[in-house]
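A.B. asks: Quick one, structure for this:
(one chain, ligands or ions: 1)
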Amino acid sequence: MPAITDSVQFVKGIGPKKVKLFEKLHISTLQDALETYPRDYEDRTQITRIADIADEDRYAVRAILGTEPKVSRIRKGMTLVKCTIFDESGSLGVTWFNQPYITAQLRVGQEYLFYGRVQGFGRARQMISPQAEKVAENDQNPGRIVPVYPLTAGLTQRDMARVTEAALDAVPGDWPDPLPEVLRVKYRLPDAADALAAIHRPKNREDVNEARRRMVFEELFLLCCGLQQLRERRRADSGILFRGDRLEEFFAALPFAPTGAQRRAIMEIAADCASGRPMNRLVQGDVGSGKTVVAAALCALAAQNGWQAAFMAPTEILAAQHAETLSPMLGKLGLTCTLLTGSMTAAQKRAALAAIESGAANVVVGTHALIQQSVVFHRLGAVIADEQHRFGVAQRAALSAKGEMPHVLVMSATPIPRTLALIMYGDLDVSILDETPPGRSPVETYAVGENMRRRITAFIEKQLAAGGQVYVVCPLVEDGEGDSRLKSAEQHAKDLQAQLPHRRVAVLHGRMKNAEKDAVMRDFAAQKYDILVATTVIEVGVDVPNANLMVVEDADRFGLSQLHQLRGRVGRGTRQSYCVFFGADKGATARERLKILCKTNDGFEIARADLSQRGPGDFFGRRQHGLPALHVADLSADLALMQNAREEAEALLAADPSLSGWPLLKERVHRMFAERDDEAFN
Ligand SMILES: Nc1ncnc2c1ncn2[C@@H]1O[C@H](COP(=O)(O)OP(=O)(O)OP(=O)(O)O)[C@@H](O)[C@H]1O
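C.D. replies: Take a look at the predicted model:
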């Protein structure tokens, strides 16, 4: 009997060649095989009588081989094997492509369970290349749920099944379980050994679901334990002390009264910074909720305490905009704000760098240029990363490394459910801005088709005549790139200019030089243009309160959260604002998705819908969140389990912070986090 730690080479039928192939799948030992989960299952429990086969689909048929399988060669190297099978209800033709060896495995008169796709109708109907498994004479229920494993060329499902079968047989009776038993009982989860058996050798669907639930819980629980430990470890560090006694001066310097949510978030920040521990906080807010003010408060707080603050924005346009917003507020408090971006001239950069190094710059706003080596801070006390899901954990850490344990504030404009935020940004505390500044009415949103084109152009003109400004967003920069059916910003700007000759139309896209982009943005904000035709470079953060109409061309091409971000560029002032999505005539799915946006202005609700449609991978960008890779849990679908896992992890660690009473759990958590390539967490 092989041991679970043995190499797969000891499994019958697995030669040295296959051993190499298994290695490609990261499987060397039986245990590795056990930990390689099926990517899907085929349900062969529903057995269909031949006479009951209706549509073209996959079927499991219990039938007797009626005719000797006949091999024929059709083209060069191409073989067919044909035969007929029958049950008590009728007969069916079967064809295998390029599997001449199948004949050796089949015997006329023997009963098999055939599983495969049925194609064609009437006399032409046949089953294509089915799997055939012998049925024992008295077997009442030969159907089963069959795991489908990830493969590599040269390996078959049968090879995988052989190895996992051997692995399951090698699982010892005292197989250790990292999950505390109290939790297994509380959440009715199967133990580790039973779950593995059910995953690889399920009796029914229910079995698989239960096992999966356990695996997901385990994975999330390990994840939450690790994140909680990271958070605790940070808490042990000593942080710079900022006194908050001059915050009222900051509030007084604002051109408006802060919303309740802004004030709350700022107070949370002030409390963190006065706690003696470094702050690590995420501020999440829907579009237009006024996150910049919260960042500004931290800048003021740092500077009032004699420290510098660095504010990192995802684009040059945004960096410039933030600097422009912050300068007057900080100026009133006698503080300076310096901009540093890649496209500044050498002389400008030199001056900025000198001010940063001498400490003359109280607050520094910039792009990722801030993390370059040449940037040396005099006394960096606070770091703000405006993530807009573009920055990674590593960049944040690189900026922090320019000071000694500065306070860190992360701002995200992608609203996600709180439970998810607590995991995605697992080592951060979370503040949520769930209130928009007063006087805003929701953006009226319409999803339209091409038949509305002329009316929309007239509507653009109407808004301009009333003193508003208009954004038009296109998926492409210029004609000739990508899909020719999509609108390009350059061509569309020309068309609009021709239709509205007395209006001033500008173009903005990512291929323009930064200085050009800046100039266009600034001129649009100064109302020197009426219409800005742009690509999604304006998606994030752009703030021109006078603009009150957003038109998105080919809106069916964008994600829901992205469209919500785009829509967020209007409705930022007191003017009634509108948003028009073209693309509602591109099919039912497109129409349904766009309708979600017409129904609600709530970013959290939209994010939930987006998440369930796309999955968190696409939603957040690949691994940019810096979490360890998850193998079974789906962050968008397993929210309820996630909540439980998090609470339990917190409770367990509160009682036993180093997990010393749970050595196996401790080791698994360690292993999970060690796999992660992100240096910031190591
Ligand atoms: N309390 C407030 N009262 C009135 N106006 C406010 C208030 N807070 C912010 N604003 C204004 O609201 C607009 C949006 O603020 P800001 O740019 O900070 O939003 P944001 O949260 O960054 O949104 P987005 O993520 O969409 O860019 C700005 O024009 C800002 O001046």
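A.B. asks: so G468 makes contact with G573?
C.D. replies: No. With contact defined as CB atoms under 8 Å, G468 does not count as touching G573 (9.2 Å). Where C-beta positions appear, they are placed from N, C-alpha and C, glycine not excepted.
A.B. asks: anything in contact with each of the two?
C.D. replies: 546, 548 (CB atoms under 8 Å, 6 or more residues apart in numbering).
A.B. asks: quick one: which of these two has more around it?
C.D. replies: Between G468 and G573, counted using other CB atoms under 10 Å, the more crowded position is G468 (21 against 18).
A.B. asks: and the helix or strand hosting R162, what does it pack onto?
C.D. replies: Assessed by DSSP states H and E, R162 sits inside helix 157-170. For helix 157-170, the packing partners by 3 or more CB pairs under 8 Å, 6 or more residues apart in numbering; DSSP states H and E come out as helix 16-24, helix 30-34, strand 145-148, helix 192-200.
A.B. asks: What's the local residue count around P442?
C.D. replies: Neighbour count of P442, defined by other CB under 10 Å: 12.
A.B. asks: For burial, what's the neighbour tally of V11?
C.D. replies: By other CB under 10 Å, the residues close to V11 number 22.
A.B. asks: give me every residue that touches it.
C.D. replies: 2, 30, 162-163, 166.
A.B. asks: how near is it to G173?
C.D. replies: Distance, V11 to G173, using CB to CB, to the nearest Å: 21 Å.
A.B. asks: next one: A198
C.D. replies: Distance of A198 to G173, given as CB to CB: 17 Å.
A.B. asks: circling back: send the alpha carbons of the helix holding R162 over as CSV?
C.D. replies: Taking Å, rounded to 0.1, in the frame of the first residue of the first chain, the C-alpha atoms of helix 157-170 are listed here in CSV:
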residue,chain,number,x,y,z
GLN,A,157,-8.8,11.9,-17.4
ARG,A,158,-8.3,8.2,-16.8
ASP,A,159,-4.6,8.8,-15.7
MET,A,160,-5.8,11.5,-13.3
ALA,A,161,-8.5,9.2,-12.0
ARG,A,162,-6.0,6.4,-11.4
VAL,A,163,-3.7,8.7,-9.5
THR,A,164,-6.4,10.3,-7.3
GLU,A,165,-7.9,6.9,-6.6
ALA,A,166,-4.5,5.7,-5.4
ALA,A,167,-4.1,8.9,-3.4
LEU,A,168,-7.5,8.4,-1.7
ASP,A,169,-6.6,4.9,-0.8
ALA,A,170,-3.4,6.1,0.8
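A.B. asks: can you tell me the average pLDDT over it?
C.D. replies: The pLDDT scores in helix 157-170 average 87.
A.B. asks: and what of stretch 1-12?
C.D. replies: 81.
A.B. asks: Tell me the buried residues in that stretch?
C.D. replies: Burial within stretch 1-12, assessed by neighbour count using 16 or more other CB atoms under 10 Å, is assigned to 4, 6-8, 11.
A.B. asks: Mean pLDDT, mean neighbour count and distance to T600 added to the helices and strands packed on helix 157-170, as JSON lines?
C.D. replies: Below are these laid out as JSON lines (pLDDT from 0 to 100; neighbours: other CB atoms under 10 Å; distance: least, CB to CB, whole Å):
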{"stretch": "helix 16-24", "mean pLDDT": "83", "mean neighbour count": "14", "distance to T600": "47"}
{"stretch": "helix 30-34", "mean pLDDT": "86", "mean neighbour count": "22", "distance to T600": "45"}
{"stretch": "strand 145-148", "mean pLDDT": "86", "mean neighbour count": "18", "distance to T600": "39"}
{"stretch": "helix 192-200", "mean pLDDT": "89", "mean neighbour count": "21", "distance to T600": "39"}
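A.B. asks: closest one to A323 among these?
C.D. replies: helix 16-24 (51.2 Å; CB to CB).
A.B. asks: helices or strands up against the closest one?
C.D. replies: Judged by 3+ CB pairs under 8 Å, 6+ apart, the packing partners of helix 16-24 are helix 157-170.
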